[in-house]
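Novice: Kindly return the folded structure for what I paste below:
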Amino acid sequence: MRALFLGLSLCVAASCSSYQRADVAQVPKHTPGPNPFVGKKLYVDPNMGSARQAEKWRGQRPEDAALMDKIATQPQAEWLGEWSGAVKLFVRSKMEQYAEVNAMGLFIVYNIPNRDCGQHSKGGAKNGEAYLEWIDKIAAGVDDRPAVMILEPDTLGQLGKCTAKEKQAERYQLLSQAIRIFKSRPNIYVYLDAGHARWLPAEEMAAHLKAAGIEYADGFSLNVSNYVSTEENLAYGKQLSSLTGGAHFVIDTARNGNGAAPNDEWCNPDGRALGIPPTTDTDEPLCDAYLWLKRPGESDGACNGGPRAGEFWPKQALDLARRSKY
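Specialist: Numbers count the residues shown, from 1 in each chain. Purely as a prediction, here's the structure:
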């Protein structure tokens, strides 16, 4: 059944819009529980760009195919945005695939209005109400199966860059409502994105997380699509946790094997490497998992010789795999 939104209540002082959905108004604040990844299997997509490239090279370039297998054999997240089409049906289809091998869903939710400040990954829902309706369709597609949602990479980190001050309250509301829509389902786990260790000071990011409803989420995510070292993000994550009531976190380790690039270049920097493969063995009780959230080999954008954002780039994938310590 389509969600019922209780309309629009205006925040006159802040010039924002607050959307309320009938069956999520009473979603409780998060209480600590078992690590949602422990004992769960994540899905390895046989149709990823890396998997297709490995098969293409298997006969004529077997050594390169073996390097590409370092990527193709690891579970990686499925990104959701306007490209997902009829998102409820898309997510339901994915969840059915995962269920066939008893795997949990892992999705990146990436469709906030004015996404990426109009940069390489620009786009997003046309307005707040459309966004929350889209979120509700994702939740309906998952239904009662287990899935993890990484919510809106970069959104909080970019707040001061392209979101007018009077619109920031609306963005907090959208994130908070999205968390609660997902948490109204029994087996959806939500990690609200918190940038990375070299972006905002911990105190500033913690304030953003609180305003966006971190108390309703299962935790926060770090380093999505970035290259900052695991060690730096662990230290930053522990700082954020101490400032947000003990929230847990996950780290994207897909491409951080050599740490951040000089000058913190984030768009297809040279000299990077695959990081620690996905695992719950983090040696840090607050860190639930290392995950591959950005798919290695998918371009950051049309920069440094790369194709448009999200397009698979065999050269970059091969370079990452060659430098890998794993």
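Novice: Show me where the stretch 1-150 of the chain has its strands.
Specialist: Here the stretch 1-150 of the chain has its strands, by DSSP state E, counting those that start in this stretch, at 5-11, 16-21, 41-42, 78-80, 103-109, 147-151.
Novice: How much space separates the most far-flung residue of the chain relative to its centre from residue 159?
Specialist: Here the centre of the chain is the reference, and by C-alpha atoms, centre = their mean the most remote residue is residue 60, at 35.6 Å. According to C-beta to C-beta, to the nearest Å, residue 60 and residue 159 sit 49 Å apart. All C-beta atoms are positioned from the backbone trio N, CA, C, and that covers glycine.
Novice: Quick one, grab the pLDDT at residue 2.
Specialist: We have a pLDDT of 31 for residue 2.
Novice: Also residue 65?
Specialist: Looking at residue 65, its pLDDT reads 99.
Novice: Not counting its neighbours along the chain, what's nearest it?
Specialist: residue 57 (4.0 Å; C-beta to C-beta, 6 or more residues apart in numbering).
Novice: what do you get for residue 131?
Specialist: Nearest non-adjacent residue to residue 131, counting by C-beta to C-beta, 6+ apart: residue 125, 3.7 Å away.
Novice: Help me confirm that that neighbour comes into contact with residue 112.
Specialist: Yes - with contact defined as C-beta atoms under 8 Å, residue 125 counts as touching residue 112 (7.0 Å).
Novice: got the contact list for stretch 187-194?
Specialist: The contact list for stretch 187-194 (C-beta atoms under 8 Å, 6 or more residues apart in numbering) reads 36, 139, 142, 144-157, 175, 179, 182-183, 205, 208-209, 212-214, 216-222, 224, 240, 249-250.
Novice: what about burial for those, which qualify?
Specialist: Using 16 or more other C-beta atoms under 10 Å as the burial test, the contacts of stretch 187-194 include 36, 139, 142, 145-157, 175, 179, 182-183, 205, 208-209, 212-214, 216-222, 224, 240, 249-250 as buried.
Novice: So which of those sit within helices?
Specialist: Counting by DSSP state H, those place 139, 142, 175, 179, 182, 183, 205, 208, 209, 240 in helices.
Novice: burial measure for residue 121, as a count.
Specialist: For residue 121, the neighbour count with other C-beta atoms under 10 Å is 20.
Novice: SS state for the nearest residue to it once chain neighbours are set aside?
Specialist: The spatially closest residue to residue 121, leaving aside those adjacent along the chain, is residue 309, at 4.8 Å (C-beta to C-beta, 6+ apart). Look at residue 309: counting by DSSP: H, G, I helix; E, B strand; the rest coil, its state is coil.
Novice: Run a quick check on residue 309 versus residue 301, I expect a contact.
Specialist: Yes - contact criterion C-beta under 8 Å: residue 309 and residue 301 qualify, at 4.4 Å.
Novice: Touching both of these two, which residues are there?
Specialist: With C-beta under 8 Å, 6+ apart, residue 309 and residue 301 have common neighbours 120, 121.
Novice: would you list every one of the helices in the protein?
Specialist: So, for the chain - with DSSP H - the helices run 49-57, 62-72, 87-100, 128-142, 159-162, 165-183, 202-211, 230-243, 314-322.
Novice: got the buried residues for the longest one?
Specialist: For helix 165-183, the neighbour count (16+ other C-beta under 10 Å) marks 167-183 as buried.
Novice: need the contact list for the residue nearest to residue 79 when sequence neighbours are not counted.
Specialist: Leaving aside its sequence neighbours, residue 79 sits nearest to residue 108 (C-beta to C-beta, 6+ apart; 4.5 Å). Residue 108 is in contact with 77, 78, 79, 80, 150, 153, 224, 293, counting by C-beta under 8 Å, 6+ apart.
Novice: Any chance of the backbone angles for residue 280?
Specialist: Phi and psi for residue 280, reported as degrees, to the nearest 10, are phi -100, psi 0.
Novice: change the start of the numbering to 658 and stick with it
Specialist: Yes, from this point I'll number from 658; that puts the last item at residue 937.
Novice: pretty sure it is in contact with residue 698, am I right?
Specialist: No - in this structure, residue 937 is not within contact of residue 698 by C-beta under 8 Å, at 11.4 Å.
Novice: So between these two, which is more surrounded?
Specialist: Taking neighbours as other C-beta under 10 Å, residue 937 and residue 698 compare with residue 937 leading, 16 against 12.
Novice: For the more buried one, list the residues it contacts.
Specialist: Counting by C-beta under 8 Å, 6+ apart, residue 937 touches 692, 694, 695, 945, 946.
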